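Peer 1: structure, please.
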Amino acid sequence: MNRSLWLTTWLVAATVCADGSPPASPPADWTATAIDYSNVPYPHPVKFLEINLFGQDLRMAYMDVLPVRGANGQTVVLFHGMNFFAAAFRPTISALTQEGFRVIAVDRLGYGRSSKPLVHYNLHMPARNTKALLDELAIDRAAIVGHSMGGMVATRFVATYPEIVTHVVMVNQIGLTDPRRGGRQWRDPEAVYQSVLGTTYTSVLRGHMRYYPREWKPEYLEWVRYQYGLTLGGDWPRYARVRAAQSQILFEDPVVYEWQHVSTKALVIGGADDRLSSDYPAQARHVAMTLQNAELVLFPGVGHAPAFEIPEQFHRELVRFLKSDPNEPADRSWLTNH
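Peer 2: Residues are numbered from 1 along each chain as shown. So this is what the prediction gives:
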């Protein structure tokens, strides 16, 4: 870890209460997060893919990290969730590159160091943009891993480009049901924007605390800091519109009807005590059963972010699956476990 990244992590870890709980108010030394995340440390050099979309010249940021040792010839693409960005994959990138994988971690448009256009977002955009990136890098086969909303992107990507995906992994994916069939109604984008505009430290912290059912650890505050910091900058009104548009994806672009068509070797994995779902184990099992060739791994007592909460156990399972032969059937022994 470089010195600036270590210092940032240390300062964040230091701003907690004596009992280990997060502070009730934002620390006085917290500053605004730049809309382009230029003042947010990334664990590896960031590159950019030039994209033209809706007549706009945009950039998609990504990290392309080579294996630390023993290259195995496999590439893994990582898709982040809505409240994170590519740098949050720091422990996963380390775990995978140590095992010989090349890792590409993408900031989707609207996140991290990528452009923040005011457009109507959908899941086809990150799928298409990432395919363009793989073409640019001359990568013709890759494994796809998505966490939270990134799991929805992973679903759309493998459904659209099955011929280039060796494995697909959905980590505590959201969007496990079609909200239009559950009584939820479409919301006026302006009302959604006004709601997002009212984001506070307390609301951001509350959202992140839901991820961890067992205990709060000081290092989790780092991600609260960057997300809340966006509200402190002069670009917040604009970025709030981007956030609002991204949130509409859940209602307007569900992926629940695509799993049945996915034959790629898949892993549905996550913390069984995910508070973002009413019954994550049952919903995850449904996803795994709907996919044509899937394995299911659940961690009891663990929440929405297993890569942070139980990094060694989670990454051991992830590496095991990604090293498996993509042409061999997935382990279906979970079907007999209740």
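
Peer 1: neighbours around residue 274, how many?
Peer 2: Other residues near residue 274 number 28, with proximity taken as other CB atoms under 10 Å. All C-beta atoms are positioned from the backbone trio N, CA, C, and that covers glycine.

Peer 1: for residue 292, helix, strand, or coil?
Peer 2: When the structure is split into helix, strand and coil by DSSP: H, G, I helix; E, B strand; the rest coil, residue 292 lands in coil.

Peer 1: hang on, I meant residue 104
Peer 2: In terms of secondary structure, residue 104 is strand; the call rests on three-state DSSP.

Peer 1: now that it has come up, it's in contact with residue 61, right?
Peer 2: No - with contact defined as CB atoms under 8 Å, residue 104 and residue 61 do not form a contacting pair (11.2 Å).

Peer 1: who does the strand ranked longest in the chain touch, helix- and strand-wise?
Peer 2: In the chain, assigned by DSSP state E, the strand with the most residues is strand 56-65. When contacts are defined as 3 or more CB pairs under 8 Å, 6 or more residues apart in numbering; DSSP states H and E, strand 56-65 packs onto strand 47-53, helix 90-98, strand 102-106, helix 124-136.

Peer 1: tell me the most buried of the ones you listed?
Peer 2: Taking mean count of other CB atoms under 10 Å as the contact definition, the stretch among the helices and strands packed on strand 56-65 with the greatest mean neighbour count is strand 102-106, which reaches a mean of 24.

Peer 1: partner strands of that one and their direction?
Peer 2: In its sheet, strand 102-106 lies beside strand 56-65 (antiparallel), strand 75-79 (parallel), with partners assigned from DSSP bridges.

Peer 1: could I get the full set of helices for the stretch 101-250 of the chain?
Peer 2: 124-136, 149-160, 189-197, 201-209, 221-229, 236-247, 249-252 (DSSP state H, counting those that start in this stretch).

Peer 1: and those, which is most packed in?
Peer 2: Per-residue neighbour counts averaged over each of the helices of the stretch 101-250 of the chain give the maximum for helix 149-160, namely a mean of 26 (mean count of other CB under 10 Å).

Peer 1: chain neighbours aside, what residue packs nearest to residue 179?
Peer 2: Computed as CB to CB, 6 or more residues apart in numbering, the closest residue to residue 179 that is not its neighbour in sequence is residue 251, at 5.3 Å.

Peer 1: from residue 333, how far out is that neighbour?
Peer 2: For residue 251, the distance to residue 333 equals 36 Å [CB to CB, to the nearest Å].

Peer 1: same check, this time on residue 109
Peer 2: 39 Å.

Peer 1: higher neighbour count, the two?
Peer 2: With other CB under 10 Å as the criterion, residue 109 and residue 333 differ in neighbour count, and residue 109 comes out ahead with 24 against 9.

Peer 1: correct me if wrong, but residue 27 is in a helix.
Peer 2: No - using three-state DSSP, the assignment for residue 27 is coil, not a helix.

Peer 1: check what pLDDT residue 333 gets.
Peer 2: Per-residue confidence (pLDDT) for residue 333: 93.

Peer 1: now do the one 5 residues further on
Peer 2: pLDDT for residue 338: 59.

Peer 1: just residue 4 next, same as before
Peer 2: On pLDDT, residue 4 comes in at 46.

Peer 1: tell me the SS of residue 303?
Peer 2: Counting by three-state DSSP, the three-state call for residue 303 is coil.

Peer 1: that one touches residue 309, doesn't it?
Peer 2: Yes - using CB under 8 Å, residue 303 and residue 309 qualify as a contacting pair, with a distance of 6.2 Å.

Peer 1: hmm, back to that, show me how far the longest strand of the chain is from its chain's centre.
Peer 2: Relative to the centre of its chain, strand 56-65 is centred 16 Å away, using CA atoms, centre = their mean, to the nearest Å.

Peer 1: mind listing what's buried in it?
Peer 2: Within strand 56-65, the residues that count as buried by 16 or more other CB atoms under 10 Å are 58-65.
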